[in-house]
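Colleague: Next come a sequence and a model predicted from it.
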Amino acid sequence: MYNPDVEKADRTEMESLQLTRLQTAVSNVFENVLFYQEKFDELGITPKDIKHLSDVTKLPFTKKQDLLEQYPFGLFAVPMEKVTRIHGSSGTSGKPTIVGYTKNDIENWSVIVARAIVTAGGRKSDIFHNAYGYGLFTGGLGLHYGAEKLGATTIPISGGNTDRQITIINDFKPRGICGTPSYVLNIAEKMEEMGIDPDDNGLEYGIFGAEPWSEEMRAILEKKLKLKAIDIYGLSEIMGPGVAIECHEAQDGLHIADDHFLVEVINPDTLEPVVDGVIGELVFTSLSKEALPIIRYRTGDLASISREKCKCGRTTTRMSRIKGRTDDMIIVKGVNVFPSEIERVLLQVDGLGPHYQIHLVKKGSMDHIELHVEIENDFYHKINRDLMHADVHKLKKVVQYHLKNSCLVTMDIVVNMPKTIQRSEGKAIRIVNKRNNATLSI
């Protein structure tokens, strides 16, 4: 462990630390952020009302829309001369949500990520291949500073230029790699095409996040790269990557950095807390952030939490892997459909590759899903490259059947040739909205 005293702390001791830091954070925003002053006044509360950890429920929620409305610096709690760095959301349209960091914030973040890398199986002696994008997006620099804090030899290769990525992996033999799962899958497939034996790549663990991915995707990555695939979680609005991560021993829930983040799970409709083990919307309060401390941030991510001790020895709160998002949920004919569930089903069907896109279309006045999938190369040659082959028709029926059973919605299946669906150079484009004669990629 990177910091056993924290990671194995007694629950009572940790909650005492969380309360002290929560009280400091609440006082900070009350004194320095007009937005929160007004919210507190509306609720008739002051920092003195936070006497117990459970009193966090008295505080107002913060939503992404609040950050957009306070753009760019309205939620900052320190003057600009104390802001060392600015990051922003990775949105593809409109203005990003802006977050700031003091020098102390950057140091804390580096320690959090260093701890996360060790939790994933990383060591100080590692060569660490960082294929996350650098820039306003928090992924690249977040993992970079954490790896350097750990003492690992860090390769800041960023995303894209896949041939160069493969050259570096072959020549440098990094022990660890990080990136979005869809892009690292792209790397793995190109390595396969080049006849590179995964036993020779040197990789032992991969840290993947920034987009939803399923257990089936984990199995594919582990098979293709001969590594242990670890899920990492974070949002720029809270801090960035490192808020939580799986341990390599159990891969059973993501360990939250409890000393820096207070987690709640609420019913997204009633906004009431749910008990541990029940899936709801994750809500985070930053406990140590100085530049942009955030109170009860509604993430939109759906998961559950557990406070049971993990077999790795850590006592930190664990969150389940993300089950979906409140804002990427697709409602078709009154049924809630999550892209992550579609992926889970697809990756269990023989003959299909791991690449797909969900096209939202109109059939008359009704919304409909047109699911574009890609067949594996071996299957393509088996049917003599004929997409009208009877076996393709059977494959469509199999996919439709399993998706209807799992998602309760009938989808049109469009089968594509191998390597024709757009590959990821960063975050994968999974949903394409073609309703109302508009095309919007999400």
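Modeller: That came through fine. Numbers count the residues shown, from 1 in each chain.

Colleague: which SS class is the residue lying closest to Val399 once chain neighbours are set aside?
Modeller: Of all residues not flanking Val399 in the chain, Ile413 sits nearest, at 5.1 Å (C-beta to C-beta, 6 or more residues apart in numbering). Where you see a C-beta, it was placed from the backbone N, CA and C, and this is true even at glycine. Secondary structure, DSSP: H, G, I helix; E, B strand; the rest coil: Ile413 is strand.

Colleague: what pairs with Ile413 across the strands?
Modeller: On the basis of DSSP bridges, Ile413 is bridged to Leu371.

Colleague: Mind naming the longest helix for this protein?
Modeller: Identified as the longest helix of the chain according to DSSP state H is helix 11-32.

Colleague: I'd like the next helix or strand past that helix.
Modeller: Later in the chain than helix 11-32, the nearest helix or strand by DSSP states H and E is helix 34-43.

Colleague: For the next helix-or-strand element following that following helix, buried residues please.
Modeller: Downstream of helix 34-43, the first helix or strand assigned by DSSP H and E is helix 64-69. For helix 64-69, burial by neighbour count (16 or more other C-beta atoms under 10 Å) applies to Lys64, Asp66, Leu67, Leu68.

Colleague: Stretch 300-314 now?
Modeller: Gly300, Asp301, Leu302, Ala303, Ser304, Ile305, Cys310, Cys312, Arg314.

Colleague: ok, what's across the strand from Tyr205?
Modeller: On the basis of DSSP bridges, Tyr205 is bridged to Gly176, Lys228.

Colleague: quick thing: my sequence starts at 45, can you match it?
Modeller: Taking 45 as the first residue, the last one we looked at is Tyr249.

Colleague: What number of neighbouring residues does it come out with?
Modeller: Number of residues near Tyr249 (other C-beta atoms under 10 Å) recorded here: 22.

Colleague: ok so, going back, could I get the buried residues of helix 108-113 as a markdown table with distance to His131 and pLDDT?
Modeller: Converted to a markdown table, the buried residues of helix 108-113 look like this (distance: C-beta to C-beta, whole Å; pLDDT from 0 to 100):
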| residue | distance to His131 | pLDDT |
| --- | --- | --- |
| Lys108 | 15 | 90 |
| Asp110 | 17 | 95 |
| Leu111 | 12 | 93 |
| Leu112 | 15 | 89 |
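
Colleague: before we move on, back to that, pLDDT averaged over the longest helix of the chain - what is it?
Modeller: When pLDDT is averaged over helix 55-76, the result is 98.

Colleague: Tell me which other helices or strands it touches.
Modeller: If contacts are counted by 3 or more C-beta pairs under 8 Å, 6 or more residues apart in numbering; DSSP states H and E, helix 55-76 sits against helix 78-87, strand 324-330.

Colleague: let's see it at 10 Å
Modeller: Helix 55-76 is packed against helix 48-51, helix 78-87, strand 305-310, strand 324-330, with contacts defined by 3 or more C-beta pairs under 10 Å, 6 or more residues apart in numbering; DSSP states H and E.

Colleague: Figure out which of the ones you listed is closest to Lys441.
Modeller: Ranking the helices and strands packed on helix 55-76 by proximity to Lys441 (C-beta to C-beta) places strand 324-330 first, at 35.9 Å.

Colleague: partner strands of the closest one, parallel or antiparallel?
Modeller: The strands beside strand 324-330 in its sheet (DSSP bridges) come out as strand 305-310 (antiparallel), strand 341-347 (antiparallel).

Colleague: okay, the angle between it and helix 55-76?
Modeller: 70 degrees (axes from the mean of the first three to the mean of the last three C-alpha atoms, to 10 degrees).

Colleague: looking only at pLDDT, what's the mean for strand 324-330?
Modeller: 98.

Colleague: Same question for stretch 381-388.
Modeller: Per-residue scores along stretch 381-388 average to 84.

Colleague: Identify all contacting residues around it.
Modeller: 255-261, 346, 365-370, 372-375, 398, 400-402, 413, 415, 417, 443, 446-447, 450-453, 455, 472, 474-475, 486 (C-beta atoms under 10 Å, 6 or more residues apart in numbering).

Colleague: Read off the pLDDT value for Gly135.
Modeller: 45.

Colleague: Please apply the same query to Thr370.
Modeller: pLDDT for Thr370: 78.

Colleague: so what's it up against?
Modeller: Pro312, Asp313, Gly324, Glu325, Arg342, Thr343, Gly344, Asp345, Leu346, Asn380, Phe382.

Colleague: where's the fourth one relative to Pro317, distance?
Modeller: Distance, Glu325 to Pro317, by C-beta to C-beta, to the nearest Å: 11 Å.

Colleague: Selection in ChimeraX covering whichever of the contacts of stretch 381-388 are buried, please.
Modeller: A single ChimeraX command selects the buried members of the contacts of stretch 381-388 (16+ other C-beta under 10 Å):
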select :255,256,257,258,259,260,261,346,365,366,368,369,370,372,374,398,400,401,402,413,415,417,443,447,451,453,455,472,474,475,486
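
Colleague: show me where the chain has helices.
Modeller: Under DSSP H, the chain gives helices at 48-51, 55-76, 78-87, 108-113, 147-163, 182-194, 206-216, 225-237, 259-269, 383-390, 421-426, 434-451.

Colleague: winner for burial among those?
Modeller: helix 182-194 (a mean of 25; mean count of other C-beta atoms under 10 Å).

Colleague: now the angle between helix 147-163 and it, please.
Modeller: 80 degrees.

Colleague: so how far is helix 182-194 off the chain centroid?
Modeller: Offset of helix 182-194 from its chain centre (C-alpha atoms, centre = their mean, to the nearest Å): 16 Å.

Colleague: same deal with stretch 426-441?
Modeller: 35 Å.

Colleague: so Ser280 touches Gly179, yeah?
Modeller: No. Using C-beta atoms under 10 Å, Ser280 is not in contact with Gly179; the gap is 11.7 Å.

Colleague: Between these two, tell me which one has more neighbours.
Modeller: The neighbour comparison of Ser280 against Gly179 (other C-beta under 10 Å) goes to Ser280, with 22 against 14.

Colleague: quick one on the thing from earlier: so what's the residue nearest to Val443 up against?
Modeller: 390, 396, 400, 413-417, 436-437, 439-444, 447.

Colleague: Nice, that's everything, thank you.
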